[in-house]
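**Q** Got a sequence here, can you build the structure:
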Amino acid sequence: MSRIRGMAVAALMCSGVLALSGCTSPDFPFQDLKRDRRPGDELPTVPAPEEMDLDMSTSRFIGEYESASLWLVQGNDAMSICLIIDSGAASWHAACGGSLGLSTSGPGGAFAVVPDGSSPPDGAIAVSENVYAVPVSG
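**A** Numbering: from 1, shown residues only. Got it, this is the predicted structure:
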């Protein structure tokens, strides 16, 4: 009897661990990453991707704004989001944030990534559902 009880306890513990560590994608608040992958979604060679801790299988090409090509990719931490910006320069610009989004600026311009249902920055120009170009006032 105790062997059966031990197996039941072990099964419940495994179920609990799986439930707590399961896929968070349905709750991940970025519509851009929820579509199926298409050709072109793969990141071109990114400098030191292993140091950036990215889940390369989640990358999505978002589009272009002026001279910058943009990709979103989920980090290996289930609730991190990263924007990769290729402005054609010798180096890439990348920024990461959490489920609340991020904002960044670099050689390719200024951008904001906002979660589903959130308001973009004032004056921002939509590149996709979640990515906005933020004009720099001068």
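**Q** what are the ranges of the strands in this protein?
**A** 60-65, 68-74, 81-86, 93-97, 102-106, 109-113, 125-126, 131-133 (DSSP state E).
**Q** TSV please, covering these and showing distance to residue 40 and mean pLDDT.
**A** Heads up, the C-betas are built off the backbone N, CA and C, glycines and all. Below are the strands of the chain laid out as TSV (distance: least, C-beta to C-beta, whole Å; pLDDT from 0 to 100):
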stretch	distance to residue 40	mean pLDDT
strand 60-65	5	96
strand 68-74	10	94
strand 81-86	13	93
strand 93-97	18	91
strand 102-106	22	93
strand 109-113	19	96
strand 125-126	20	98
strand 131-133	16	98
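**Q** Below-threshold pLDDT in this protein: ranges please.
**A** 1-26, 46-51, 89, 91, 138 (pLDDT under 70).
**Q** in it, which spans are helices?
**A** 2-21, 49-52 (DSSP state H).
**Q** before we move on, back to that, dump the strands of the chain into a markdown table; add distance to residue 35 and mean neighbour count as well.
**A** As requested, the strands of the chain are exported to a markdown table (distance: least, C-beta to C-beta, whole Å; neighbours: other C-beta atoms under 10 Å):
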| stretch | distance to residue 35 | mean neighbour count |
| --- | --- | --- |
| strand 60-65 | 7 | 19 |
| strand 68-74 | 11 | 22 |
| strand 81-86 | 15 | 23 |
| strand 93-97 | 20 | 18 |
| strand 102-106 | 20 | 16 |
| strand 109-113 | 16 | 22 |
| strand 125-126 | 16 | 12 |
| strand 131-133 | 13 | 23 |
